[in-house]
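Peer 1: let me see the structure of the following:
(chains A and B)
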Amino acid sequence: MTTGLENTTALVTGAQGFIGCWLAERLLEEGAQVVVPARSVEPRSRFRIEGIEERCDVVRADVLDHGALVRTLADHRVELVFHLAAQPIVGIANRSPHSTWETNIRGTYTLLDACRVAAESGSPMPRIVVASSDHAYGDHQQLPYPEDFAFRALFPYDVSKACADMLARSYATVYEMTVAVTRMANTFGGGDLNWSRIVPDSARALVAGRRPVIRSDGTPERDYLYVEDAVDAYLAVANSLEDPTHRGRAWNVGLGTPVSVLELVRTLIAVSGRNVEPDVRGPAVPPGEIDRLYPDSTAIREQLGWFPRWDLESGLEASYGWYERYLAGAPAAFVADPA
Amino acid sequence: MSTYKGISVLVTGAQGFMGSWLVERLLAEGAPVLVPRRPVAAESRFARERLEERCKLVELDLLELESVLGVLNEGEVGAVFHLAAQTIVSEANRSPVATLDVNVRGTYNLLEACRLLAGDRPAPRAVIASSYHVYGQRADGAYSEDTPMSPSYPYDVSKACADYLARSYAATYGLAVGVTRMANVYGGGDLNWSRIVPDSARALVAGRRPVIRSDGTPERDYLYVEDAVDAYLAVARSLDHPVHHGRAWNVGLGSPVAVLDLVRELIAAAGSDLEPEVQAKTVPRAEIDSEYLDSSAIREELGWAPAWDLPLALCETYRWYEANLV
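Peer 2: Numbers count the residues shown, from 1 in each chain, chains lettered A, B, ... in the order given. As a prediction, this is how the structure comes out:
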């Protein structure tokens, strides 16, 4: 892919998080300057321990601070914006909806509007990619979901992403801004320290020689995506914005094959070389979660030429290797069974 | 009806057009009504009808969760009608953040405060004003509540966000929340002069020709404000039954009326022989071509029905402007 990122300046919100750190790393490798709004950093995050943080320009500009964002966009002459800052955990959104609304909804419109205002004052209009999610679709009987499916989001995380998604497309339409939206499947890979998620949780259990725990009955189906393929998709969507017909578009991104949680964990166990069985504990679907969810990613494959370079097994192998190395150097409390 | 006797009711947006009618009705039903202290324009219906004197004023900042919590808690609020919004489409296009703050953040702060209060006593029930604008620009025809939302302009998106947020609180936390998606509401006291009924009425009172900025063909569903008040109360009552929590209700007459026909009807109500001045040959940007609401759910399930037809309601409306404009 010719990325043409040399000497461009990109703002990456949420670079401290899992996908954000991989994206920031890739942008740096491609020769871009990466500006990152400061937020609290987990001391043992991949962003910090793999030296990504020190190569970025970390600025004091909260995603809820319109004025500071406008100044940052202008001062750094930002040409690319990747908005990944979000409260990403379904369970936390159910327990703490308000902080999820603040980050995921208000954070999104504040950043979008800052881009609008900065451009009105003479800064370049950046190309903006906003991370929505396949969760915005909510629960449908018909699978997979194409991009023009109605949003049936009902639970807080899903609603927060539906709102962010509508807001981003509105700014593209009404203010003719170069904005696009990604709706990615469940992304996994090294550096994801959200232990409530199935891949990090299971990898950690396997590294410690324990059985991975499945909180559902293992049947809920999702589409998955390895983090490096997710980064490819972010760059492909950013590139696509040179074409005016792609402004305001939303793009599904996933492997395109639904995988049950049980199958996912079994595959992870296989790549780990451990001889254990998953510990299946839960009811069919935990409350506040969607049963079957997978997007139809035909559009981004056919129109933007993106395709996944990693299948489930190779992605899980790379991920497991990362957790093995990471947890080998981690304090014992990190590896311990949280239960 | 004494549904509200002794139950404190908070009405956000009370000083606005719709709010003033709702407050008046709630007072007539014997409810103690709390209204946020806001500047009141002397020419507003809220001021003219001296409604403020009959309400309890509270200090409420919808953009501060703590403030909303304090008001609901200290006021022992049992029901909330959330009408506060930046409602002008063109203003939303000019300053989207101000609109999104009031319409989206204000709504989630209110819902969250209701959730946090659930415990010793039931959480306040809440009726959230969404809008038919959530359906966005879709093919002509009737919108039912199942029509997928497809908003694009900031005002439309702000209402769609509020709508999703309200329903998620019912689905996730069992909060007693109902959502109204009303058609274009008109009636005495609407001082938003960018709207067709107030603007035309003002012109007619001054003896001028009403101006239609479009070509007169856009079709809308119009609803008289007293019928809208009936619908708010019907939705609030529906929340007695958990099966209605998280429902959204369309409210309209169910028949589309072209702007030109509406203005002609208003001219007739005014007893004038002026002709409207049709300015444009096209439909302006940020406006939707034709739409009306399928309101059969609220009619059939809640027994709501409009009591006013268009000519009668426009007569009543015109009388207000005639009496109150100098």
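Peer 1: what about the helices in chain B?
Peer 2: B:17-28, B:45-48, B:65-74, B:89-94, B:96-100, B:106-117, B:154-173, B:196-205, B:225-238, B:259-269, B:296-302, B:310-324 (DSSP state H).
Peer 1: would you mind extracting the C-alpha trace of the second one into CSV?
Peer 2: This points to helix B:45-48. Output of helix B:45-48 as CSV, limited to C-alpha atoms (Å, rounded to 0.1, in the frame of the first residue of the first chain):
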residue,chain,number,x,y,z
ARG,B,45,-47.0,32.7,26.8
PHE,B,46,-45.4,31.5,30.0
ALA,B,47,-45.1,35.1,31.1
ARG,B,48,-48.4,36.4,29.8
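Peer 1: the closest residue in space to residue A:118 that isn't next to it in sequence: neighbour count?
Peer 2: Spatial nearest neighbour of residue A:118, excluding adjacent residues (C-beta to C-beta, 6 or more residues apart in numbering or on different chains): residue A:73 at 3.9 Å. Placement of C-beta: from N, CA and C, glycine included. When neighbours are counted by other C-beta atoms under 10 Å in any protein chain shown, residue A:73 registers 27.
Peer 1: ok, residue A:73 - contacts?
Peer 2: When contacts are counted by C-beta atoms under 8 Å, 6 or more residues apart in numbering or on different chains, residue A:73 touches A:11, A:81, A:114, A:115, A:118, A:123, A:126.
Peer 1: contact residues of the stretch 101-250 of chain B facing chain A?
Peer 2: By C-beta under 8 Å from any C-beta of the partner chain, the residues of the stretch 101-250 of chain B that approach chain A are B:104-105, B:108-109, B:112, B:115, B:148-154, B:156-157, B:160-161, B:164-165, B:167-169, B:171-172.
Peer 1: and the residues you listed, which of them are buried?
Peer 2: Buried members of these, scored by 16 or more other C-beta atoms under 10 Å in any protein chain shown, are B:104-105, B:108-109, B:112, B:115, B:149-154, B:156-157, B:160-161, B:164-165, B:167-169, B:171-172.
Peer 1: isn't residue A:235 right next to residue A:29, touching?
Peer 2: No. If you go by C-beta atoms under 8 Å, residue A:235 and residue A:29 don't touch, sitting 11.2 Å apart.
Peer 1: anything in contact with each of these two?
Peer 2: Joint contacts of residue A:235 and residue A:29 (C-beta under 8 Å, 6+ apart) do not exist.
Peer 1: between these two, who's got more neighbours?
Peer 2: Neighbours per residue, other C-beta under 10 Å: of residue A:235 and residue A:29, the larger number sits with residue A:235, 22 against 11.
Peer 1: so how far is the helix or strand harbouring the more buried one off the chain centroid?
Peer 2: Element membership of residue A:235, judged by DSSP states H and E, is helix A:227-240. Helix A:227-240 has its C-alpha centroid displaced from the chain centroid by 11 Å (C-alpha atoms, centre = their mean, to the nearest Å).
Peer 1: neighbouring contacts of that helix?
Peer 2: With C-beta under 8 Å, 6+ apart, helix A:227-240 has contacts from A:1, A:3-5, A:18-19, A:22-23, A:26, A:80, A:82, A:127, A:129, A:180, A:182, A:184, A:187-192, A:225, A:246, A:249, A:251, A:253, A:300, A:303-306, A:308-310, A:315, A:318.
Peer 1: pull up the pairing partners for the next helix or strand after that helix, direction included.
Peer 2: The first helix or strand that comes after helix A:227-240 along the chain, using DSSP H and E, is strand A:250-253. In the sheet, strand A:250-253 lines up against strand A:179-184 (parallel) (DSSP bridges).
Peer 1: send me the strand it pairs with as PDB with only the CA atoms.
Peer 2: Taking C-alpha atoms only, strand A:179-184 is exported to PDB below (Å, rounded to 0.1, in the frame of the first residue of the first chain):
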ATOM      1  CA  VAL A 179     -15.000  12.200   7.600                       C
ATOM      2  CA  ALA A 180     -15.600   8.400   7.400                       C
ATOM      3  CA  VAL A 181     -16.500   5.800  10.000                       C
ATOM      4  CA  THR A 182     -15.200   2.300  10.700                       C
ATOM      5  CA  ARG A 183     -17.400  -0.400  12.100                       C
ATOM      6  CA  MET A 184     -15.000  -3.100  13.100                       C
END
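Peer 1: residues in contact with it?
Peer 2: A:112, A:128-134, A:136-137, A:147, A:165, A:168-169, A:171-172, A:225, A:230, A:233-234, A:237-238, A:240-241, A:246-254, A:295.
Peer 1: run the angle between that strand and helix A:227-240 for me.
Peer 2: With axes from the mean of the first three to the mean of the last three C-alpha atoms, to 10 degrees applied, the angle from strand A:179-184 to helix A:227-240 works out at 160 degrees.
Peer 1: and after strand A:179-184, which helix or strand comes next?
Peer 2: strand A:186-188.
Peer 1: residues touching whichever helix or strand comes after that next one, excluding its own?
Peer 2: As assigned by DSSP H and E, the chain's next helix or strand after strand A:186-188 is helix A:198-207. With C-beta under 8 Å, 6+ apart as the test, helix A:198-207 has contacts from A:188, A:192-195, A:211-214, A:261, A:264-265, A:268-269, A:272, A:274, A:276, A:278, A:316, A:319-320, A:323-324, A:327-328, A:335, A:337.
Peer 1: take those residues and keep only those in helices.
Peer 2: Filtering the contacts of helix A:198-207 for helices - DSSP H - leaves A:261, A:264-265, A:268-269, A:272, A:316, A:319-320, A:323-324, A:327-328, A:335.
Peer 1: need the pLDDT of residue 83.
Peer 2: If you meant another chain, say so; for now it's chain A. What the model reports as pLDDT for residue A:83 is 98.
Peer 1: wrong chain, I was asking about chain B
Peer 2: Here the pLDDT value assigned to residue B:83 is 98.
Peer 1: can you pull the contacts of it?
Peer 2: Applying C-beta under 8 Å, 6+ apart to residue B:83 gives the contacts B:11, B:12, B:13, B:14, B:16, B:18, B:19, B:22, B:129.
Peer 1: report the beta-bridge partners for the first one.
Peer 2: Here residue B:11 sits in beta bridges with residue B:81, going by DSSP bridges.
Peer 1: pull the contacting residues for residue 31.
Peer 2: Reading this off chain A. Counting by C-beta under 8 Å, 6+ apart, residue A:31 has contacts A:5, A:6, A:7.
Peer 1: wait, chain B
Peer 2: B:4, B:5, B:7, B:8, B:9.
Peer 1: neighbours of the fourth one, how many?
Peer 2: Right, residue B:8. Neighbour number of residue B:8 under other C-beta under 10 Å is 18.
Peer 1: confidence score at it?
Peer 2: Residue B:8 is given a pLDDT of 95.
Peer 1: same question for the first one.
Peer 2: At residue B:4 the predicted local distance difference test score is 77.
Peer 1: wait, doesn't it sit right on residue B:30?
Peer 2: Yes. Counting by C-beta under 8 Å, residue B:30 is a contact partner of residue B:4 at 6.1 Å.
Peer 1: the more surrounded of those two?
Peer 2: Just comparing residue B:4 and residue B:30: by other C-beta under 10 Å the higher neighbour count belongs to residue B:4, 22 against 13.
Peer 1: grab the nearest non-local neighbour of that one.
Peer 2: residue B:31 (3.3 Å).
Peer 1: check that neighbour and give its pLDDT.
Peer 2: pLDDT, read off for residue B:31, is 94.
Peer 1: ramachandran coordinates for it?
Peer 2: Main-chain torsions, residue B:31, degrees, to the nearest 10: phi -80, psi 140.
Peer 1: find the closest residue to chain A in the stretch 1-150 of chain B.
Peer 2: Among the residues of the stretch 1-150 of chain B, residue B:148 lies closest to chain A, at 3.1 Å counting by C-beta to the nearest C-beta.
Peer 1: which residues touch that residue?
Peer 2: By C-beta under 8 Å, 6+ apart, the residues touching residue B:148 are A:150, A:151.
Peer 1: rerun at 7 Å
Peer 2: Shown in contact with residue B:148 (C-beta atoms under 7 Å, 6 or more residues apart in numbering or on different chains): residue A:150.
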